[in-house]
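A.B. asks: just the structure for this:
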Amino acid sequence: MDLDKPPAPEPPEGCLVVALRLPVRIVVLVLVVPVRLVWDALVAAGRFLHATVLRPLGRALLWTGRALFVRPFVALWRWVLTPVGTALRWLGHVLVVAPLTWAYVHLLTPLGHALRWVARGVFTYLLAPVGRGVARLARGIGALLAAVGLGLFTGAAWLVRYLLVVPARWLYVQVLSPAGRALLWLAEALVTGAGAVLYWTARVLLVLPALALWRWVLAPVGRLLAVVAREVADALGHAWRIAGHLSRVVGRALGTLFRWIFVEPARWVYRTVLTPVGHVVRDAVLRPAARAAREVGRVTRLTLAAARDTLRETRREVRRALFGEPGQRVAVDRREPPVRDPRTLGSSTTVLTKD
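C.D. replies: Numbers count the residues shown, from 1 in each chain. From the prediction side, this is the model:
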């Protein structure tokens, strides 16, 4: 297979296509450029609105909904409904399930076994013999009725065959079949002639004019409309891309103007005015205020500690004045028990060799 085969050349375009292309593209470009500019402006505004308004608002609404609905319902489920459901389940088990289980095991099951034993005895010794006798009687009556019915059916079948079937067959073969073939041949001849006449009439009056209309009017008009539609679609694509480039250029120009008019002056003011002022305020006001606040805090902590110590000493003196000196604690011998001497090779620990 030849993979490097060049693509097939495109068919040459007609003069009508070339004549339509330039005016259509100019008109479409004039119409599309404002639409593309408005579209890009709306997209940029939408992104800015989404980033600055909708996303924080959505987060706030989500947090509010979680705080107002989700957490209360979770707390209600966890601390109210779950304990109540557990208690109700325990009560249902104690008050309903356990009594029913006991009644089924100790009352209904023995009663059911007794009823089954009684029913089995009644069926075995009473119903089964009666049923067998009735079955024998029914079989005898059925055999008699079958013999009588077979005789009646045989006689009726013989009468129907020779009074209806044989005459109807002769009438169908000898009379109806020839008459039907003749009528069918006559109908085919009439339909064939009428169909031929109608076919040529419809061909001359409808098909040939419609074919001429399609070939000489509709097909050229359709090809012209297809060319116009294709050129309009191509022009729309080119115009949309060109409008995108123009919109990008306009956006960059507006961004540059905005940066020169607002951002750069604000940056210059921040860098040359606000930053030195901030440093002066920080060094002259904030840091001394912070040191003074730390010193005040340290003095306050020392004062509070001294006050606590004074209060503790006063309370101890008041307790001593009211209740006297506290009793002396009894010394408790907390020494460890004496450690036994370690074993050596010369010592013995058995009863027989102990000194």
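A.B. asks: state the distance from residue 223 to residue 211.
C.D. replies: Counting by Cβ to Cβ, to the nearest Å, the separation of residue 223 from residue 211 is 17 Å. Where C-beta positions appear, they are placed from N, C-alpha and C, glycine not excepted.
A.B. asks: likewise for residue 95?
C.D. replies: Taking Cβ to Cβ, one finds residue 95 at 92 Å from residue 211.
A.B. asks: and residue 196, by the same measure?
C.D. replies: 20 Å.
A.B. asks: ditto for residue 97
C.D. replies: Relative to residue 211, and taking Cβ to Cβ, residue 97 is found at 88 Å.
A.B. asks: please apply the same query to residue 83.
C.D. replies: Distance from residue 83 to residue 211, by Cβ to Cβ: 88 Å.
A.B. asks: same check, this time on residue 303
C.D. replies: For residue 303, the distance to residue 211 - Cβ to Cβ - is 115 Å.
A.B. asks: and whichever helix in the chain runs longest, what other elements does it pack with?
C.D. replies: The longest helix of the chain (DSSP state H) is helix 219-258. Here helix 219-258 touches helix 15-49, going by 3 or more Cβ pairs under 8 Å, 6 or more residues apart in numbering; DSSP states H and E.
A.B. asks: how about the helix or strand harbouring residue 308: buried residues?
C.D. replies: Assigned by DSSP states H and E, residue 308 belongs to helix 287-323. Buried residues in helix 287-323, defined by neighbour count with 16 or more other Cβ atoms under 10 Å: none.
A.B. asks: quick one: that helix to chain centroid distance?
C.D. replies: 65 Å (Cα atoms, centre = their mean, to the nearest Å).
A.B. asks: how about stretch 116-134?
C.D. replies: That offset, for stretch 116-134, works out to 63 Å (Cα atoms, centre = their mean).
A.B. asks: stretch 209-223 now?
C.D. replies: 53 Å.
A.B. asks: so for that stretch, what's the average pLDDT?
C.D. replies: The average pLDDT within stretch 209-223 is 88.
A.B. asks: residues in contact with it?
C.D. replies: Around stretch 209-223, nothing counts as a contact under Cβ atoms under 8 Å, 6 or more residues apart in numbering.
A.B. asks: how about it, which residues are buried there?
C.D. replies: So for stretch 209-223, nothing qualifies as buried (16+ other Cβ under 10 Å).
A.B. asks: repeat for stretch 245-261
C.D. replies: So, applying 16+ other Cβ under 10 Å, buried residues of stretch 245-261: residue 247.
A.B. asks: give me the mean pLDDT for it.
C.D. replies: In this model, stretch 245-261 has a mean pLDDT of 85.
A.B. asks: residue 116 - how many residues pack around it?
C.D. replies: 10 (other Cβ atoms under 10 Å).
A.B. asks: just the pLDDT for it.
C.D. replies: For residue 116, pLDDT reads 86.
A.B. asks: run through who's touching the helix or strand containing it.
C.D. replies: Residue 116 belongs to helix 109-122 when assigned by DSSP H and E. Contacts to helix 109-122, defined as Cβ under 8 Å, 6+ apart, come from no residue at all.
A.B. asks: so who does residue 180 touch?
C.D. replies: Per Cβ under 8 Å, 6+ apart, neighbours of residue 180: none.
A.B. asks: and the helix or strand containing it, how far from the chain's centre?
C.D. replies: If you go by DSSP H and E, residue 180 is part of helix 177-202. Per Cα atoms, centre = their mean, the displacement of helix 177-202 from the mean C-alpha position of its chain is 66 Å.
A.B. asks: kindly report the same for stretch 101-120.
C.D. replies: So, by Cα atoms, centre = their mean, the centroid of stretch 101-120 is 52 Å from its chain's centroid.
A.B. asks: what about residue 24, how many neighbours?
C.D. replies: Residue 24: 17 neighbours (other Cβ under 10 Å).
A.B. asks: show me the contacts for it.
C.D. replies: 228, 231-232, 235.
A.B. asks: what about residue 215, distance to residue 206?
C.D. replies: 15 Å.
A.B. asks: and for residue 286?
C.D. replies: 100 Å.
A.B. asks: in the protein, which residue is most central in space?
C.D. replies: Among the residues of the chain, the one closest to the centroid is residue 62, at 19.8 Å (Cα atoms, centre = their mean).
A.B. asks: what distance separates the start and the end of stretch 214-222?
C.D. replies: One end of stretch 214-222 sits 10 Å from the other (Cα to Cα, to the nearest Å).
A.B. asks: count of residues packed around residue 25?
C.D. replies: 18.
A.B. asks: also the one 4 residues further on?
C.D. replies: Using other Cβ under 10 Å as the criterion, residue 29 is surrounded by 18 other residues.
A.B. asks: surely it touches residue 241?
C.D. replies: No: the pair residue 29 / residue 241 is not scored as a contact, 10.3 Å apart, by Cβ atoms under 8 Å.
A.B. asks: what residues do the two have in common as contacts?
C.D. replies: Between them, residue 29 and residue 241 share no contacting residue, judged by Cβ under 8 Å, 6+ apart.
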